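Chemist: sequence and predicted structure below; questions after.
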Amino acid sequence: MKNLNVIDNLRPLPINFYYQPTLDLARSLLGCILLKDSPEGIAAGIIVETEAYIGPGDMAAHSFQNRRTKRTEVMFGLPGYTYTYSMHTHCLFNVVSGNVNEPEAVLIRGIEPFYNEDLIASRRDNVKKSKDWTNGPGKLTKALGITMNDYGHLLTKKPLWIAEKRSSNFKIEAGPRIGIENSGEAKNYPWRFWISDNKFISR
DNA sequence: CTCGAGATAGTCT
DNA sequence: GACTATCTCGAGC
């Protein structure tokens, strides 16, 4: 078949992929493909930057001290679901990890455009440099069309899913997370992971 | 390219 | 009513 769509070669990761310790999951997600279907078509990117949040002992996590609210509810359930939350005008995308009553999650902070760059660019309006399309947690959700409507969606099926990585030929670096200055000890934990030398990391 | 200033809303106590 | 992180843009390098 001559015009085989690259997307057709990508299988969703099975649900058992999400049953691994959160720090392992944060590393495993690097290189995987995040896809979102919409009326405008499918857009996708390679995950290049993640952060682990391990409540209830992690001061930087929304689920710190088992704080269970309407917003954090999905984190208390099974892994493999979508946790979206809004930050001012932006929507941030997380993958729920940890089993029931283990409210943990992995925040996706950067992706590299992989499929349908035209759609990604148009959603990002006037931004001229391609490296600014998806190099931040709020930018990538806008680029893919991820919204609060995706809260609680299971990530093994459309319209929002994650596919296995196509290559493991990269180095992973780790360091402190971003934007959590007032989180006590937790601010020093090296729970941010990214692919070395990738230009779509957020900083 | 790097830096800093200004704009932006929703959640929870 | 306190708290918060991200994005954009423009200035200086």
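Modeler: Alright, I've got the coordinates. Residues are numbered from 1 along each chain as shown, chains lettered A, B, ... in the order given.
Chemist: now do the same for A:K187: helix, strand or coil?
Modeler: Recorded secondary structure, A:K187: helix (DSSP: H, G, I helix; E, B strand; the rest coil).
Chemist: for DNA strand C, what are the nearby residues on chain A?
Modeler: A:87-88, A:90, A:92, A:109, A:124-127, A:132, A:136-140, A:178-183, A:202 (C-beta under 7 Å from any atom of the strand). Where you see a C-beta, it was placed from the backbone N, CA and C, and this is true even at glycine.
Chemist: near DNA strand B, which residues of chain A show up?
Modeler: Near DNA strand B, when you scan chain A using C-beta under 7 Å from any atom of the strand, you find A:H62, A:R67, A:T69, A:K70, A:R71, A:T72, A:Y85, A:S86, A:H88, A:T89, A:K129.
Chemist: reformat those as TSV; add pLDDT, secondary structure and distance to A:I33.
Modeler: What follows is the residues of chain A next to DNA strand B, written out as TSV (pLDDT from 0 to 100; DSSP: H, G, I helix; E, B strand; the rest coil; distance: C-beta to C-beta, whole Å):
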residue	pLDDT	secondary structure	distance to A:I33
A:H62	95	coil	26
A:R67	93	coil	32
A:T69	95	coil	31
A:K70	94	coil	30
A:R71	95	coil	27
A:T72	96	coil	27
A:Y85	94	strand	23
A:S86	93	strand	25
A:H88	89	coil	28
A:T89	91	coil	26
A:K129	89	coil	23
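Chemist: who wins for neighbours among those?
Modeler: A:T72 (19 neighbours; other C-beta atoms under 10 Å).
Chemist: quick revisit: which of the residues of chain A next to DNA strand B lies closest to A:I15?
Modeler: When these are compared for distance to A:I15 (C-beta to C-beta), A:T72 wins out at 21.4 Å.
Chemist: are any of the residues of chain A next to DNA strand C buried, and which?
Modeler: A:L92, A:R109, A:R124, A:G136, A:P137, A:G138, A:K139, A:L140, A:I178, A:I180, A:S183, A:S202 (16 or more other C-beta atoms under 10 Å).
Chemist: show me where chain A dips below the pLDDT cut-off.
Modeler: A:1-4, A:126 (pLDDT under 70).
Chemist: quick one: the strands in it?
Modeler: Listed in chain order, the strands of chain A (DSSP state E) span A:33-36, A:43-54, A:82-87, A:90-97, A:104-115, A:156-157, A:160-163, A:172-175, A:192-195.
Chemist: closest to the centroid, which residue in chain A?
Modeler: A:I108 (2.7 Å; C-alpha atoms, centre = their mean).
Chemist: in contact with the closest residue to it other than its chain neighbours, which residues?
Modeler: Of all residues not flanking A:I108 in the chain, A:F93 sits nearest, at 5.1 Å (C-beta to C-beta, 6 or more residues apart in numbering). Neighbour list for A:F93: A:L34, A:T82, A:Y83, A:T84, A:L107, A:I108, A:P137, A:L140, A:T141, A:I146, A:D150 [criterion: C-beta atoms under 8 Å, 6 or more residues apart in numbering].
Chemist: A:L23 too?
Modeler: Contact analysis of A:L23 by C-beta under 8 Å, 6+ apart lists A:A52, A:I54, A:W191.
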